[in-house]
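Trainee: Prediction below, plus the sequence it came from.
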Amino acid sequence: MNFGFDEDQELLRLSVRKFLDEQCPLEKVRELAQTPSGYSAELWERLAELGWLGLILPEQYGGSGQGWVDLTVLLEEVGRSLFPGPLVSTLLAGAAINEGGSDEQRSRWLPGLANGSRIGTLAFFDADSPFGPDGIAAFGQRVGDGYVISGEWASVSDVSEANLFIVAFRAANEGVTLAVVEADTPDLTATTLAGIDATKRFGTLRLEGVRVAAGSILGAAGDGSELATALLDRGAAACTAEIIGAAEALTQITVQYAKDRVQFGHPIGHYQGVKHPLAEAYVDCECMKSLAYYAAWSIDESPGEVAGSVSKAKGFASEAFTRIGVTGIQLHGAVGYTEEYDCQLYLKRSKWARPAFGDEDYHYERVATLGGV
Amino acid sequence: MNFGFDEDQELLRLSVRKFLDEQCPLEKVRELAQTPSGYSAELWERLAELGWLGLILPEQYGGSGQGWVDLTVLLEEVGRSLFPGPLVSTLLAGAAINEGGSDEQRSRWLPGLANGSRIGTLAFFDADSPFGPDGIAAFGQRVGDGYVISGEWASVSDVSEANLFIVAFRAANEGVTLAVVEADTPDLTATTLAGIDATKRFGTLRLEGVRVAAGSILGAAGDGSELATALLDRGAAACTAEIIGAAEALTQITVQYAKDRVQFGHPIGHYQGVKHPLAEAYVDCECMKSLAYYAAWSIDESPGEVAGSVSKAKGFASEAFTRIGVTGIQLHGAVGYTEEYDCQLYLKRSKWARPAFGDEDYHYERVATLGGV
Amino acid sequence: MDFNFSKQDEKFRTEVRAFIDQNNPAGRPEDRSPKDIQAWNQKLAEKRWIGFSWPREDGGGGGSVIEQFILKEEMSKAHTPALGSDFMGLAWVGPALIRHGTAAQKDRFLPDLLNGRSVWCTGYSEPDIGSDLAGLQTKAVLDEGSGGSHYVVNGQKIWTTAAHVAKWIFMLVRTTSESESRYGGITCLLIPMDSPGIEVQPIKSLVGYHSFNQVFFNDVRVPVENRLGAEGEGWKVVMGALANERSGISESTGMERQLEDLKELARNSKKNGRPALEDPAVRRELGRYESMISAMRLNGLRNLTKQLQGSPPSTETSVNKFLRGQLEIPMADFSMSLLGTAAQETGPWQTNSLTFHGVVIGGGSPNIQRNIIAERILGLPKD
Amino acid sequence: MDFNFSKQDEKFRTEVRAFIDQNNPAGRPEDRSPKDIQAWNQKLAEKRWIGFSWPREDGGGGGSVIEQFILKEEMSKAHTPALGSDFMGLAWVGPALIRHGTAAQKDRFLPDLLNGRSVWCTGYSEPDIGSDLAGLQTKAVLDEGSGGSHYVVNGQKIWTTAAHVAKWIFMLVRTTSESESRYGGITCLLIPMDSPGIEVQPIKSLVGYHSFNQVFFNDVRVPVENRLGAEGEGWKVVMGALANERSGISESTGMERQLEDLKELARNSKKNGRPALEDPAVRRELGRYESMISAMRLNGLRNLTKQLQGSPPSTETSVNKFLRGQLEIPMADFSMSLLGTAAQETGPWQTNSLTFHGVVIGGGSPNIQRNIIAERILGLPKD
């Protein structure tokens, strides 16, 4: 019984924090936000060298063979510093191939994802479908032992940077299929949309009659619903880890502001009207951590608990980060409204993160169902 | 354009307040709560003498011919002092006969309701039916130009004290019918239930094969849905007026406590953690007043607006009084938990009032529908 | 109690509606050209509906409180352009000039205000004082060298809306630091923005919009005749203008419009795969907003009635300011929740959900409103 | 990270479960007789599971932190009676005696505590001090006439749970009013409740229940050997016992049980005429409660891990205390909303909705928890 991180994990946290503080402080994040790709290719290579891109991939494919608890440590720090780039997308693409693919598929794609030469992402939903495996649309047509797929996937993270798509679709009267589609496929169009949070890029992926051979299908054709669910849960867990880091950073920034800013003769943190919302933000952060760490542990060790523990974590985190985003800005007062102060960067992240991989309405509904109501 | 009370109304308010402060302070309310009937027959007679029981009944039937705005003034003060007794029930029974009955029916029943010799009440729903005119159950059987009715009505206010019931029912495949049933009817059983708020009595009314003659039916048989809706709206408006008085009294008691009670060297009202919830309680009271006064005015002057304005008022008041009830107790701290302090009397009233004549879930749904969504 | 208007007032309403029918620029509000708006304002000025509340002898319209209410309500409902182009000047400078200005000052400034030739900004906030306006530090010293004909102003203002386009600033300075009250020693000056020594720096909002500025004053010379009111009376001059705020009717009609938009969004949204309007929680939430917005409107009418009966405008307006914050924050979050993943894209709802707090804070933060209500209305001890 | 238990600990869990199977009184908790409970406690005492956390040399069970956790978790899940009958004595008096008692005091009091023969109450609160415990005014003066062999106690305590049935009171008094700190000059005394000069007055709760009392002390003579710890060290004695609180696991299992009841209520309720569980808002609200209660349980486990690694129990427990209030108030209101008009009747849900705040305040009001978190954890300035 030990609900804490081990020494290696604490070391990982320190080294990630040090690296990001030095290499990508918020000034750098702001700079990168102005660039077309939104991230630094140079830092991306460094992440690969440090072994963080392949953190959860098996060693034989160039990874470090760590688990989701380790990944949570990495992503908390990434969230804290608002580090931009296709990291989560690539990690999830790796998880898809590692968990759903054959040895041959793993050998083909995982080393590239681990060494940074490949950028992966998931393309699961069209613009109208509800979140969840049932929302995956019928964009495929069975042709031989493969498919021809046509459709438009929405909210695809890092769509213009990715060169490897894990595409979810179904043929009429069939279950979900997950397939790997490379970006150099003809009749593939990736379009980045203007987003609310410049540190998170996404857009639409359009495929027009793209042929998917049997060798590109992860698992059995039409039988990908379980894998899709597993990936959505992993996405929600990853997103929650990033939320924790960001929410804690915003709380810390605001606590510091409340100590420094003097009004009516006192630091504003002296007033309960400021003190109490900050105490609540702290409580929210503690709860998010407890729920997210347990969810990560269950991904590694207790598959039967993944759905419930992930939905509790992401449901609560979606709500709590929204609250903390507002609290941060409100307690900053007018300066919170300016481009200059950092709290707005976290507010934007909170707006981005709430619907990512399911908002609280989706996840609390799922918790209720799993809880027997 | 004048959104205020006129001089007569202000005088009415003063005289009701003076009367209740003198004749029925909270000590007296606590005493009456221990009695079987829950109210004072002597004070009931005084109300009749003062013309308040017949406030909204026409003068020719012994009433004072005032409107719902005047009644709102009366009921606010009644609510403020938690004055117990079958006042609202009797007023609503009077409204039912006055608005739905023939001249003959008015002459037969209204004078008794105005002079206090008759106590009336509404019996509309069984225990399982949802609130609203659609929830009125099929307890009647058409026999000639009358009905035979059997069933059990729940949540009937002042059921054991009333001697005149306005009973709502329907025959199979028919609309709602409202009829007057006197308490001395054989096969009528009234049972008072133990309630959360000892100043508000209610229970079940059981009728077993009771014959209702045509002369006891208000309006056309099977055509009472509109009248039922009107009465439910009047009930909700009356309930809201009582809520305002009670919520304001609780706010005032708590403000006074916050000024008097010293902790850590300051009156607790100095701390924003106390000050801010009280400011919110004040805002809630102001909103309740604005909404309730407008609803009362629309009952008098603008029938097309009654449904919307009443539902806004009662929906908001149900929520707001619940909030203020909790705020009052929480800011009192441990003493709020004792029988001795008065704030608990108002907390109990808030629990009683929330579902009375529809809770916020019912009324906000109706506001949405009327608002075109 | 009577929510009907007098025949006279109904006649005025008909006149307003007719005017709107004839003059409201065609097309959507966002498509209006500066020329359209100029034409609109010229027509308004002819009617004397710009400065409608001001006395006729000062060039205003002399409108009654009720007429002002009707005018604002109809304009707001019809989505017309604003009443006049110089928002700050009309809201603050005009009323202060009327109460405290010399005849010469009135002659000099009022006609331009009414005819849309002026652009004013106002200088109250300073970097280190936040909500505590009376703590201002910008100094004006009478220049003895010039025989006392000029003040010399040094200091800094912040959150100055439109300072980058304004021709004049209406501002508070400290003329003496020794005063019995924190509110004494404050003086009101009217300063041309092209005075030597004034520098304007933009403040960019979190969505990249520029409306706020910092304004620096470095030995800015201001003739004494540009002082409004007596020396040391500046607090009174400005607060009198502030109290000029009326029923706040445009505030609640603004919220009504936001609610209409939100309903439209809900009609076109889904929640967990089903139409959002089939979700009872969505419906109830819309019902709650509608009820609270009605309460705001009716609170405004109750205040208006009190004013008609002769009470001065009071701290009661804090109630609606507070409610606005209580509504705008959850309504913005609610709109984002309806959008689902589309909330991650840019768009008007998203911008609104990022900037609501600018609006909320603009009227004084919710905590300030809570303090005002608790201390001034409920009489709780000051913190 | 490892949520599995060691083999040793799993063996202990098996032992606990077997014990419960064999000894948990039959029937529903509310139907248990005093005799059942006595028998249960006797079996527990034989196992040394009463005072399980105390050292074996003091008669306790010497259970490890993990074993205590397992014991409490299993007991709570199985709805067994409490661990021992003298709740206050076991929670406060025993731990304080073990740290600060003399050998004679331990011999005199500990065996009775462990064998269910004692009934203690605790006297901290006083009428005018509320949450500010260190402001206590009850005085104890050494009686010089008796050669300093007795204190004479005068004053008044309030909110004293079970004072009307207790045999002893464990209480704080002020022995000197001159002290450098507000916490100095406070002393801990152990006083028999049948001492001449003690008077107990019941405080009735708003639902008519009697568990709280006022206790008056009028020249009560207390032998000095009944002082626990040194004179002036009383604050330390009591706060040390307070810090003995562990993971708060029974707190979150208690909430889990409340949630199960609430789900059952929801299954049997309707909302606007349709099954309540078809209302997405009802479902989401239940999902939210379940998530927050899981967070409480996991927060407790994280604290437990810190303790296992040697950190002292800290202000972190305020987090769960605060969360409990944040849950109990809305859960009570939610249950009332599910009941509809039946909420107007009396019943367990209704009583709960009236008394939740007693529970909430019992652990320190939410505002006190917010202050503790903000000041002690976040380091914000004291108010």
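Mentor: In hand now; what should we look at?
Trainee: Identify, by residue count, the longest strand of chain C.
Mentor: Secondary structure of chain C per DSSP state E: the longest strand is strand C:210-223.
Trainee: For the helix or strand that it is followed by, what is the distance to the chain centroid?
Mentor: Following strand C:210-223 in sequence order, the next helix or strand is strand C:227-228 (DSSP states H and E). Put simply, strand C:227-228 sits 22 Å off its chain's centre (CA atoms, centre = their mean, to the nearest Å).
Trainee: Which elements pack onto the next helix or strand after strand C:227-228?
Mentor: Next helix or strand after strand C:227-228 toward the C-terminus (DSSP H and E): helix C:234-242. For helix C:234-242, the elements it packs on are helix C:94-100, strand C:168-174, strand C:186-192, judged by 3 or more CB pairs under 8 Å, 6 or more residues apart in numbering or on different chains; DSSP states H and E. Every C-beta, even on glycine, is put in place using the N, C-alpha and C of the backbone.
Trainee: neighbours of the nearest residue to A:G63 once chain neighbours are set aside, just the number please.
Mentor: Excluding the flanking residues, the one nearest A:G63 by CB to CB, 6 or more residues apart in numbering or on different chains is A:L57, at 2.7 Å. By other CB atoms under 10 Å in any protein chain shown, the residues close to A:L57 number 24.
Trainee: got it, and the one 10 residues further on?
Mentor: Summarising burial for A:G67: neighbours were counted as other CB under 10 Å, giving 16.
Trainee: need the contact list for the closest residue to it other than its chain neighbours.
Mentor: The shortest distance from A:G67 to any non-neighbouring residue, by CB to CB, 6+ apart, is to A:D300 (4.1 Å). For A:D300, the contact set (CB atoms under 8 Å, 6 or more residues apart in numbering or on different chains) comprises A:67-69.
Trainee: gap between A:S107 and A:L55?
Mentor: 19 Å (CB to CB, to the nearest Å).
Trainee: quick one: contacts for whichever residue of the stretch 101-250 of chain C sits closest to chain D?
Mentor: Closest contact between the stretch 101-250 of chain C and chain D, by CB to the nearest CB, is at C:G130 (16.8 Å). Neighbouring residues of C:G130 by CB under 8 Å, 6+ apart: A:261, A:263, A:333-334.
Trainee: So which residues of chain C form strands?
Mentor: Under DSSP E, chain C gives strands at C:120-123, C:139-142, C:150-158, C:168-174, C:186-192, C:198-204, C:210-223, C:227-228, C:270-271, C:274-275.
Trainee: List the buried residues for the first one?
Mentor: Spelled out, it's strand C:120-123. Within strand C:120-123, the residues scored as buried using 16 or more other CB atoms under 10 Å in any protein chain shown are C:120-123.
Trainee: hmm, that strand in reach of chain A?
Mentor: No. Figure legend: strand C:120-123 not in contact with chain A (CB under 8 Å from any CB of the partner chain); closest approach 14.5 Å.
Trainee: Deepest-packed of the helices and strands packed on helix C:234-242, please.
Mentor: strand C:168-174 (a mean of 25; mean count of other CB atoms under 10 Å in any protein chain shown).
Trainee: okay, which residue is most central for chain A?
Mentor: A:C239 (3.7 Å; CA atoms, centre = their mean).
Trainee: now the helix or strand containing that residue, how far from the centre of its chain.
Mentor: A:C239 is part of helix A:225-260 when elements are defined by DSSP H and E. For helix A:225-260, the separation from the chain centroid amounts to 9 Å (computed by CA atoms, centre = their mean).
Trainee: got it, and stretch C:55-67?
Mentor: With CA atoms, centre = their mean, you get 19 Å for stretch C:55-67.
Trainee: what's the answer for stretch A:134-153, then?
Mentor: For stretch A:134-153, the distance to the chain centre is 25 Å (CA atoms, centre = their mean).
Trainee: Which parts of it count as buried, going by neighbours?
Mentor: A:135-137, A:139-140, A:146-149, A:151-153.
Trainee: now those in TSV, with pLDDT and secondary structure?
Mentor: Below are these laid out as TSV (pLDDT from 0 to 100; DSSP: H, G, I helix; E, B strand; the rest coil):
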residue	pLDDT	secondary structure
A:G135	90	helix
A:I136	93	coil
A:A137	90	coil
A:F139	91	coil
A:G140	94	strand
A:G146	94	strand
A:Y147	96	strand
A:V148	96	strand
A:I149	95	strand
A:G151	95	strand
A:E152	96	strand
A:W153	96	strand
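Trainee: Just put those residues in a markdown table and tack on distance to chain D.
Mentor: Compiled in a markdown table, the buried residues of stretch A:134-153 are given as follows (distance: CB to the nearest CB, whole Å):
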| residue | distance to chain D |
| --- | --- |
| A:G135 | 17 |
| A:I136 | 22 |
| A:A137 | 23 |
| A:F139 | 28 |
| A:G140 | 31 |
| A:G146 | 39 |
| A:Y147 | 35 |
| A:V148 | 38 |
| A:I149 | 33 |
| A:G151 | 29 |
| A:E152 | 28 |
| A:W153 | 27 |
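Trainee: quick check, nearest of those to B:G308?
Mentor: A:G135 (36.9 Å; CB to CB).
Trainee: And A:G315, how far from B:Q263?
Mentor: Relative to B:Q263, A:G315 is positioned 37 Å away (CB to CB).
Trainee: Compare neighbour counts for the two and give me the winner.
Mentor: Between A:G315 and B:Q263, counted using other CB under 10 Å, A:G315 has the larger neighbour count: 29 against 18.
Trainee: Let me know the secondary structure of that one.
Mentor: When classified by DSSP: H, G, I helix; E, B strand; the rest coil, A:G315 comes out as helix.
Trainee: How is the residue lying closest to it once chain neighbours are set aside assigned, secondary-structure-wise?
Mentor: Nearest residue to A:G315 in three dimensions, chain neighbours excluded: A:H363, at 3.2 Å (CB to CB, 6+ apart). Put simply, A:H363 is helix when judged by three-state DSSP.
Trainee: hang on, the residue nearest to A:G67 in a helix?
Mentor: Yes. Assessed by three-state DSSP, A:D300 belongs to a helix.
Trainee: Just name the closest of the buried residues of stretch A:134-153 to D:L71, please.
Mentor: A:G135 (45.9 Å).
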